[in-house]
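J.: Generate a structure from the sequence data that follows.
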Amino acid sequence: MDNWQELEHKYYMQTFYRAPITIVKGQGAKVWDDKGKEYLDFVAGWAVNSLGHCHPAVVKAVTEQAATLIQTSNNFYTIPQLNLAKLLIDNSCLDRIFFCNSGTEASEGAVKLARRYGKLKLKGAYEVITATGSFHGRTLAMVSASGQSKYQEPYTPLPTGFVNVEYNNPKAIKVAITDKTCAVMLEPIQGESGVNVPDAGYLKEVRKICDEAGILLILDEIQTGIGRTGKLFAYEHFGIEPDIITLAKGLASGVPIGAFMAKESASVFAKGEHGSTFGGNPLACAAGYATMKFILDNHISEHAAAMGKYLIKGLEKLKAKHSIIQGYRGCGLLMALDFKADIAKELVSNCLSEGLLLNAVKPNALRFMPSLNITEADIDGALSKLDNVLTHSESAGV
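T.: Here you go, the predicted structure:
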């Protein structure tokens with residue numbers, strides 16, 4: 001089959017804005033298309049490939065597990081699931097974990113847990129306060145939870161039980177709390193709406209507000225967790241402990257997995273009140289354990305922090321050279337570069353031709369989310385390619 005893209009147009013639901021390349025191979029920070037062209041990958045499967053493509057530790061774990069036990073139901077104990085559970089709990093402030101298959105399932109599970117808590121502890125409270133600009137997943141409930149109308153409008157009427165308030169404004173949360181409120185759910189750093197970093201005291205103030213109201217604080221760490229921001233979990237930057245967090249994306253370096261973790265006091269599910277057929281299956285958990293063990297043993301979070309600072313230095317040099325650049329923001333290896341015009345989509349296309357994969361997170365912003373073990377040489381290579389594209393765009397009068 002030569003024309004894979006034509007096959008996609010014929011058979012696949014047209015829900016994605018795909019770049020016009022067909023990726024057939026990945027290794028480390030690089031991928032190759034079906035024509036043999038090489039690209040530096042600074043999208044990393046949407047902040048998923050924590051250790052790059054086909055990392056030997058993950059490949060070994062998946063290969064061995066696939067030859068041993070791929071799937072069995074959660075009616076039985078399995079060793080990879082419990083190994084990964086222990087590793088995550090031992091290295092976090094949480095006490096209990098549930099594994100699922102994706103970020104949106106993790107968000108759903110966290111909200112279900114909060115509602116169960118509300119029913120048992122808060123006289124039936126069920127509403128969850130979320131922030132404008134947030135993104136918590138693609139199911140109907142999580143579209144309703146997400147504070148972005150572009151995701152909501154095609155699917156109205158939406159499930160109820162969510163209240164959207166202004167991000168980075170603790171007073172808005174305090175005003176929105178009623179006797180129906182069971183939890184607040186926030187991204188420590190908003191990824192999908194532009195890599196929005198809150199003020200330093202925001203989450204600490206929200207934690208205080210939740211404590212005073214007796215409600216739960218859920219942190220959506222689907223994009224920020226597992227070392228992405230330079231700490232294993234982003235909540236560590238803000239001097240607080242959440243009651244529940246959600247994880248997915250980078251947890252198994254490319255193998256689909258999700259999880260939500262909770263403090264003992266918030267872990268109120270009884271047997272039979274939540275479940276998953278594939279969640280926590282041996283194959284995904286083996287990949288997750290190999291990923292987490294490598295990240296912890298090799299101080300990859302600290303490396304991500306250092307590479308994030310190196311990336312910022314490079315972005316600063318680009319800003320000094322190209323007047324179209326407005327600025328940059330982010331934390332660790334989750335960064336955005338802003339422009340003074342809506343040129344991000346065009347830049348992504350031109351970078352593709354240059355052999356660099358980036359994401360246009362906003363019409364005027366690019367997002368950088370490479371593998372956590374990215375090297376200075378690869379950052380230099382990516383910024384050099386972007387520099388070439390910007391120089392050509394400026395000479396063309398863009």
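
J.: Show me the domain layout of the protein.
T.: Per automatic domain parsing, the domain ranges recorded for the chain read 1-37, 56-297, 300-365+381-398.

J.: winner for burial among those domains?
T.: Mean neighbour count (mean count of other CB atoms under 10 Å) peaks for domain 56-297 among these, with a mean of 20. C-betas here are computed from N, CA, C, even on glycine.

J.: Straight-line length of it, end to end?
T.: 15 Å (CA to CA, to the nearest Å).

J.: Helices along the stretch 101-250 of the chain, start to end?
T.: 103-121, 140-145, 149-152, 170-176, 202-213 (DSSP state H, counting those that start in this stretch).

J.: For the ones you listed, which has the smallest mean pLDDT value?
T.: Note on the helices of the stretch 101-250 of the chain: helix 149-152 shows the lowest mean pLDDT, a mean of 91.

J.: so how far is that helix off the chain centroid?
T.: On the basis of CA atoms, centre = their mean, to the nearest Å, helix 149-152 is displaced by 19 Å from the centre of the chain it belongs to.

J.: same for that helix, what does it pack against?
T.: Identification of packing neighbours for helix 149-152 by 3 or more CB pairs under 8 Å, 6 or more residues apart in numbering; DSSP states H and E yields helix 140-145.

J.: So which other helices or strands are in contact with the helix it packs on?
T.: Applying 3+ CB pairs under 8 Å, 6+ apart, one finds that helix 140-145 makes contact with helix 103-121, helix 149-152, strand 162-165.

J.: so what's the backbone phi/psi at the closest residue to Y202 other than its chain neighbours?
T.: Leaving aside its sequence neighbours, Y202 sits nearest to N168 (CB to CB, 6 or more residues apart in numbering; 5.4 Å). Main-chain torsions, N168, degrees, to the nearest 10: phi 70, psi 30.

J.: my read: N168 touches P198, true?
T.: Yes: counting by CB atoms under 8 Å, N168 does reach P198; the two are 4.5 Å apart.

J.: Reformat the helices of the stretch 101-250 of the chain as CSV; add distance to Q326.
T.: Shown next, in CSV, are the helices of the stretch 101-250 of the chain (distance: least, CB to CB, whole Å):
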stretch, distance to Q326
helix 103-121, 29
helix 140-145, 30
helix 149-152, 22
helix 170-176, 26
helix 202-213, 23
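
J.: of all these, which lies closest to N298?
T.: Distance to N298, taken as CB to CB, is lowest for helix 103-121 among the helices of the stretch 101-250 of the chain, at 24.8 Å.

J.: Which strands or helices does that closest one pack on?
T.: strand 96-100, strand 127-131, helix 140-145, strand 181-186, strand 216-220, strand 244-247, strand 258-262.

J.: gap between stretch 85-99 and the chain center?
T.: With CA atoms, centre = their mean, you get 18 Å for stretch 85-99.
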